[in-house]
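A.B. asks: could you work out the structure for the sequence below:
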Amino acid sequence: MMRTSSIVHNGFTSVIAVGLATAIASADQAPISIDGVFGDWADIAPSITDPAGDAPSGDIDFTALSMADDDLFFFIRVDATADFDMSENNALRIYLDTDADASTGFAIGGIGAELQWRAGELEGTFYHGNQQTAVYFTELRFRGEPTVTSSAFEIAFGRDTYPDGTNPLFTGPDVRVLIVDGTNGDVIPDAGTTSTYTFDIGSAPPAAERPFARLQNDHLRIITHNVLNDRPFTGAHQAKFERLWSAVAPDILHLQEIYNHTPTETRDLVASWLGGTWQAAGNNDCITVSRYSISGSWAIDGNLAVLIDTTASIGTPMLCINAHLPCCDNDDGRQWESDAIIAFVRDAYLPGGTLTLNADVPVLICGDLNMVGLAQQLETLITGDIVHNDWYGDDAPPDPDGTDLNNTISRLTERRMGYTWRNDGGWYWPGHLDFMIYSDSNLARRHDFIVCTPEMSAAALSQNGLLAGDSNASDHLVFCVDFARPCAADIDGNDTVDVDDLIALIADWGACGGCVSDLNGDGNVGADDLLIVLAAWGSCG
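C.D. replies: Numbers count the residues shown, from 1 in each chain. Prediction:
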């Protein structure tokens, strides 16, 4: 008989047998969103931790492996000591032993893997019996974010997939995972240990549907949409775009990849579908169409800046940057254009420039930013960290209050997925390429969603007048955000004016220049500020 001992460590049980340890991870199902942020992993303990600095060679030094599931996906989070790119320039190998049987599949590290997924090569191999099948992200419903370099990634494999068209990927209640960096790089879990995850413990709620309807009719609705080579003007795709934009009913459309049609032609097309009076401005392939008056427009390299008189909706004009940054491996080109955008925004709020905006005028940077490769370009647009200072001048936090901008992290209307680009016939898995980055000191986001009709229910499609294939009009999805003027009386920033705000105001009572409780800006917290709180009592909407 084999001697075994059971060890409990960090909530997981390891069974050690003749020097081989198996970390058995089982936890309640979790509502993980694949969106490149990790707050939803906070309550999930790592299945395996790995000491930093133990990588014999290679580029990736793993520190933790975490796992979770819901009814649709098996989720993995991997952490490392330094940033790397999940989709290229790596030798990463992810092995899944989906029947938890070392005698089947590809033998490696004490497991028998039915799947070897080579993330940096954008392909994998499925092993079944004596057959090997080349597979790509579509056969696995593979998802992963962020799409830029990071020290942490979250990925997902579809649980109901048939990689070879006949045999399921997952066949039992358990799966074992091994992740390797190349031939001689780091491994997690380390040699002598296998990591087994058990599915379907507890349950995760389905993703709450995000409705198309605005929470309030007077909210300012803005979309960004890369329309893929003038497709709204071609007969094969026109009806799809008309249904999409009519269902969303935006006030402002920031469009990219309109190369062969003028702003006037684009405006007239939008008006014919949505009705009403519109204005338009354009530069290069970026065209903005607005129900509100466009006060001015400027070119920033190939990108477009517009000042839109949104006073009737949010109480002030709005500075919008409609951007289409260089694609693919052109990190340097994206950085130059990101620097130029931040320099333009910085100067727009300074006296004597092309624009001299007040601090209450919000700024929005949106569009197909093509954020793949290095994360620095996204950091530049959010924080104002200019790389080419000798050309574009000093760094400048781009929110008029001197802080970072807010990057909208959204998701599909009926799936916990944050991608905005999807081409099931292409090489790359869906990614977050389109952005809505805004100043939250003077603008409040009230509602947001991404439209992906293949992932919508029949009832939701019918309710919104859509067909399942409508999003396939472009490889980019409609990304929609509703904005409103900030609720000044919401002192604690929870979108509700309530007793907590009243308590905060009373705590600051008296002379208090610069306090957030000084709602009328007179340097004193007093009765006038109290009246503002009482008048705004309740939800900010």
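A.B. asks: quick one: buried residues of the strand or helix carrying Phe241?
C.D. replies: Per DSSP states H and E: Phe241 is located in helix 235-248. Counting neighbours by 16 or more other CB atoms under 10 Å, one finds that the buried residues in helix 235-248 are His237, Lys240, Phe241, Glu242, Arg243, Leu244, Trp245, Ala247, Val248. C-beta coordinates here come from the backbone N, C-alpha and C atoms, glycine included.
A.B. asks: nearest to Leu505, of those residues?
C.D. replies: Each of the buried residues of helix 235-248 was checked against Leu505 using CB to CB; the closest is Val248, at 38.4 Å.
A.B. asks: okay, that closest one: pLDDT?
C.D. replies: Listed pLDDT for Val248 reads 98.
A.B. asks: I figured it hits Thr224, correct?
C.D. replies: No - using CB atoms under 8 Å as the test, Val248 is too far from Thr224 to be in contact (11.3 Å).
A.B. asks: how near is Ala64 to Trp278?
C.D. replies: Separation of Ala64 from Trp278 (CB to CB, to the nearest Å) stands at 51 Å.
A.B. asks: my bad, should have said Thr413
C.D. replies: Counting by CB to CB - Thr413 and Trp278 are separated by 26 Å.
A.B. asks: which parts of the stretch 151-300 of the chain are strands?
C.D. replies: In the stretch 151-300 of the chain, the strands defined using DSSP state E, counting those that start in this stretch lie at 174-181, 187-188, 193-198, 220-226, 252-256, 279-283, 286-290, 294-300.
A.B. asks: ok, back up a step: who's more crowded, Ala64 and Trp278?
C.D. replies: A count of neighbours by other CB atoms under 10 Å puts Trp278 above the other of Ala64 and Trp278, at 20 against 16.
A.B. asks: elements contacting the helix holding Phe241?
C.D. replies: strand 220-226, helix 263-274, strand 444-451, strand 478-484 (3 or more CB pairs under 8 Å, 6 or more residues apart in numbering; DSSP states H and E).
A.B. asks: quick check: neighbours of the last one in the sheet, parallel or antiparallel?
C.D. replies: It stands for strand 478-484. Pairing partners of strand 478-484, with direction, according to DSSP bridges: strand 220-226 (antiparallel), strand 444-451 (antiparallel).
A.B. asks: beyond it, next helix or strand please.
C.D. replies: Along the chain past strand 478-484, the next helix or strand (assigned with DSSP H and E) turns out to be strand 496-497.
A.B. asks: any regions of the protein where pLDDT drops low?
C.D. replies: For the chain, applying pLDDT under 70 flags the ranges 1-27, 183, 493, 513-514, 541.
A.B. asks: domains of it?
C.D. replies: Under the assignment automatic domain parsing, the domains of the chain span 4-198, 220-484, 496-539.
A.B. asks: nearest to Glu209, out of the ones you listed?
C.D. replies: domain 220-484 (5.4 Å).
A.B. asks: so what's the residue count around Ala340?
C.D. replies: Ala340 has 19 neighbouring residues, counting by other CB under 10 Å.
A.B. asks: longest helix of this structure?
C.D. replies: The longest helix of the chain (DSSP state H) is helix 331-348.
A.B. asks: which neighbouring elements make contact with it?
C.D. replies: strand 294-300, strand 303-308, strand 318-324, strand 363-368, helix 376-383, helix 389-392.
A.B. asks: and those as CSV, adding mean neighbour count and distance to Ala45?
C.D. replies: Output for these, formatted as CSV (neighbours: other CB atoms under 10 Å; distance: least, CB to CB, whole Å):
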stretch, mean neighbour count, distance to Ala45
strand 294-300, 17, 46
strand 303-308, 25, 44
strand 318-324, 27, 40
strand 363-368, 26, 37
helix 376-383, 21, 29
helix 389-392, 12, 43
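A.B. asks: Serialize these to CSV and add fields for distance to Asn184.
C.D. replies: Listed next are the helices and strands packed on helix 331-348 as CSV, based on distance: least, CB to CB, whole Å:
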stretch, distance to Asn184
strand 294-300, 46
strand 303-308, 44
strand 318-324, 41
strand 363-368, 39
helix 376-383, 29
helix 389-392, 40
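A.B. asks: of all those, which one comes closest to Ser441?
C.D. replies: strand 363-368 (10.0 Å).
A.B. asks: before we move on, back to that, closest to Ala204 out of the domains of the chain?
C.D. replies: domain 4-198 (3.8 Å).
A.B. asks: hang on, Arg243 packs against Gly469?
C.D. replies: No - Arg243 lies out of contact with Gly469 (CB under 8 Å); the separation is 10.3 Å.
A.B. asks: what's the longest helix of the chain in contact with?
C.D. replies: Residues outside helix 331-348 that contact it (CB atoms under 8 Å, 6 or more residues apart in numbering): 298, 300-303, 305, 319, 321, 323, 325-326, 353-357, 363, 365, 369-371, 373-374, 376-377, 380-381, 384, 386-388, 391-396, 398.
A.B. asks: distance between it and the chain's centre?
C.D. replies: 21 Å (CA atoms, centre = their mean, to the nearest Å).
A.B. asks: for that helix, buried residues please.
C.D. replies: Neighbour-count burial for helix 331-348 [16+ other CB under 10 Å]: 331, 333-348.
A.B. asks: tell me which of the strands paired with strand 478-484 sits most buried.
C.D. replies: strand 220-226 (a mean of 26; mean count of other CB atoms under 10 Å).
A.B. asks: tell me which strands the strand ranked longest in the chain pairs with, and in which orientation.
C.D. replies: The strand that spans the most residues within the chain, counting by DSSP state E, is strand 73-84. Note on strand 73-84: by DSSP bridges, its sheet partners are strand 62-69 (antiparallel), strand 150-158 (antiparallel).
A.B. asks: buried residues, the last one. List them.
C.D. replies: Along strand 150-158, these residues count as buried under the neighbour rule (16+ other CB under 10 Å): Ser150, Ala152, Phe153, Glu154, Ile155, Ala156, Phe157, Gly158.
A.B. asks: got the contact list for the second one?
C.D. replies: Residues in contact with Ala152 (CB under 8 Å, 6+ apart) are Phe38, Arg77, Val78, Asp79, Ala80.
A.B. asks: likewise for Thr264?
C.D. replies: Ala280.
A.B. asks: against Ala113, how distant is it?
C.D. replies: Thr264 is 58 Å from Ala113, by CB to CB.
A.B. asks: am I right that Leu255 is in contact with Asn283?
C.D. replies: No - when contacts are counted by CB under 8 Å, Leu255 is not listed as touching Asn283 (11.9 Å).
A.B. asks: neighbour count winner among these two?
C.D. replies: Comparing Leu255 with Asn283 by other CB under 10 Å, the one with more neighbours is Leu255, at 28 against 20.
A.B. asks: so what's the residue lying closest to the more buried one once chain neighbours are set aside up against?
C.D. replies: Spatial nearest neighbour of Leu255, excluding adjacent residues (CB to CB, 6 or more residues apart in numbering): Ile287 at 5.0 Å. Ile287 is in contact with Leu255, Ile258, Pro263, Thr266, Ala280, Ala281, Leu304, Asn322, counting by CB under 8 Å, 6+ apart.
A.B. asks: Asp268 too?
C.D. replies: Asp268 neighbours (CB under 8 Å, 6+ apart): none.
A.B. asks: distance of it from Ala473?
C.D. replies: Where Ala473 is concerned, Asp268 sits at a distance of 19 Å (CB to CB).
A.B. asks: how about Val533?
C.D. replies: Val533 is 47 Å from Ala473, by CB to CB.
A.B. asks: repeat for Thr147
C.D. replies: 22 Å.
A.B. asks: cool, Ala312 as well?
C.D. replies: Shown here: Ala312 relative to Ala473, a distance of 31 Å by CB to CB.
A.B. asks: likewise Pro232?
C.D. replies: 8 Å.
A.B. asks: tell me the contacts of Thr224?
C.D. replies: By CB under 8 Å, 6+ apart, the residues touching Thr224 are His254, Leu255, Gln256, Asn322, Cys366, Gly367, Asp368, Asp434, Phe435, Met436, Phe479.
A.B. asks: isn't Glu145 up against Gly418?
C.D. replies: Yes - judged on CB under 8 Å, Glu145 makes contact with Gly418 at a distance of 6.2 Å.
A.B. asks: what residues are shared contacts of the two?
C.D. replies: Ile34, Asp35, Gly36, His432.
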